[in-house]
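S.K.: Could you look at this predicted model? Sequence included:
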Amino acid sequence: SQKIEQNSEALNIQEGKTATLTCNYTNYSPAYLQWYRQDPGRGPVFLLLIRENEKEKRKERLKVTFDTTLKQSLFHITASQPADSATYLCALASSSGNTGKLIFGQGTTLQVKP
Amino acid sequence: GAVVSQHPSWVICKSGTSVKIECRSLDFQATTMFWYRQFPKQSLMLMATSNEGSKATYEQGVEKDKFLINHASLTLSTLTVTSAHPEDSSFYICSARDPLAGGNEQFFGPGTRLTVL
């Protein structure tokens, strides 16, 4: 069965540093992978989508890479700020055709300390 | 970006009662909406795919007779938790795709916190 793992439950870094979050998956080849941000008690907010034929995508201070050989995506936040503190979720498109269904990882909670 | 709302944002009910949660796409029409459940410290678990004008598609292990989904219009889907029990207490979140946006990203509602006493 499809399995998604995010490298750690929690990540603590100092303000200004680059945060790197990892998402690994097995038993599947998704057409695309997405990253979301979730604040406590709120719904997830879409950040970035990267397709299987794309190696890297950037948006402001965010960068996502997608290695289909390693079955891994890395999510980077450069020049991190305390406001970046949140839980970050990776999500894969389900293998059930083009239904739009997503399978989510368990999330990594990032804490950026001033 | 597209906006999705949910109502209510939180609800407390007695065991055995039914609770209805609404999910609306405010500035776009969504032929498909998704319902998720999230327990504390856990990720989102897809419960069902709500299709406008047809029956919902439920994920394995989700009781369709307990979690009734109605997608009567292109902007509204409802989830009714019937005969709720304390173990149904959770954070319920809906999402929708904007077909005209051309992408595959999902836009999520703010969630509904259900507490069953």
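M.R.: Right, received. Where do you want to start?
S.K.: which stretches of chain A form strands?
M.R.: Secondary structure of chain A (DSSP state E): strands at A:3-6, A:10-14, A:19-26, A:32-38, A:45-51, A:56-59, A:62-67, A:72-77, A:86-93, A:102-104, A:108-113.
S.K.: can you redo those strands as JSON lines with mean pLDDT?
M.R.: Below are the strands of chain A laid out as JSON lines (pLDDT from 0 to 100):
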{"stretch": "strand A:3-6", "mean pLDDT": "89"}
{"stretch": "strand A:10-14", "mean pLDDT": "94"}
{"stretch": "strand A:19-26", "mean pLDDT": "95"}
{"stretch": "strand A:32-38", "mean pLDDT": "94"}
{"stretch": "strand A:45-51", "mean pLDDT": "93"}
{"stretch": "strand A:56-59", "mean pLDDT": "96"}
{"stretch": "strand A:62-67", "mean pLDDT": "96"}
{"stretch": "strand A:72-77", "mean pLDDT": "96"}
{"stretch": "strand A:86-93", "mean pLDDT": "93"}
{"stretch": "strand A:102-104", "mean pLDDT": "89"}
{"stretch": "strand A:108-113", "mean pLDDT": "96"}
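S.K.: would you turn these into JSON lines with mean neighbour count and distance to chain B?
M.R.: (Glycine included, C-beta is placed from N, CA and C.) Shown next, in JSON lines, are the strands of chain A (neighbours: other Cβ atoms under 10 Å in any protein chain shown; distance: least, Cβ to the nearest Cβ, whole Å):
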{"stretch": "strand A:3-6", "mean neighbour count": "18", "distance to chain B": "9"}
{"stretch": "strand A:10-14", "mean neighbour count": "13", "distance to chain B": "11"}
{"stretch": "strand A:19-26", "mean neighbour count": "19", "distance to chain B": "12"}
{"stretch": "strand A:32-38", "mean neighbour count": "22", "distance to chain B": "6"}
{"stretch": "strand A:45-51", "mean neighbour count": "17", "distance to chain B": "4"}
{"stretch": "strand A:56-59", "mean neighbour count": "12", "distance to chain B": "12"}
{"stretch": "strand A:62-67", "mean neighbour count": "18", "distance to chain B": "13"}
{"stretch": "strand A:72-77", "mean neighbour count": "20", "distance to chain B": "15"}
{"stretch": "strand A:86-93", "mean neighbour count": "24", "distance to chain B": "6"}
{"stretch": "strand A:102-104", "mean neighbour count": "23", "distance to chain B": "5"}
{"stretch": "strand A:108-113", "mean neighbour count": "18", "distance to chain B": "9"}
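S.K.: Figure out which of those strands is closest to B:D65.
M.R.: With Cβ to Cβ, the closest approach to B:D65 among the strands of chain A belongs to strand A:102-104: 24.8 Å.
S.K.: Looking at chain B, which residue is nearest chain A?
M.R.: Here the residue of chain B nearest chain A is B:F108; by Cβ to the nearest Cβ that distance is 3.6 Å.
S.K.: Excluding sequence neighbours, find me the nearest residue to that residue.
M.R.: Distances taken as Cβ to Cβ, 6 or more residues apart in numbering or on different chains place A:G43 nearest to B:F108, at 3.6 Å, with adjacent residues excluded.
S.K.: do the same with B:H85
M.R.: B:S15 (5.5 Å).
S.K.: show me the contacts for B:P110.
M.R.: A:R42, A:G43, B:S5, B:Q6, B:S9 (Cβ atoms under 8 Å, 6 or more residues apart in numbering or on different chains).
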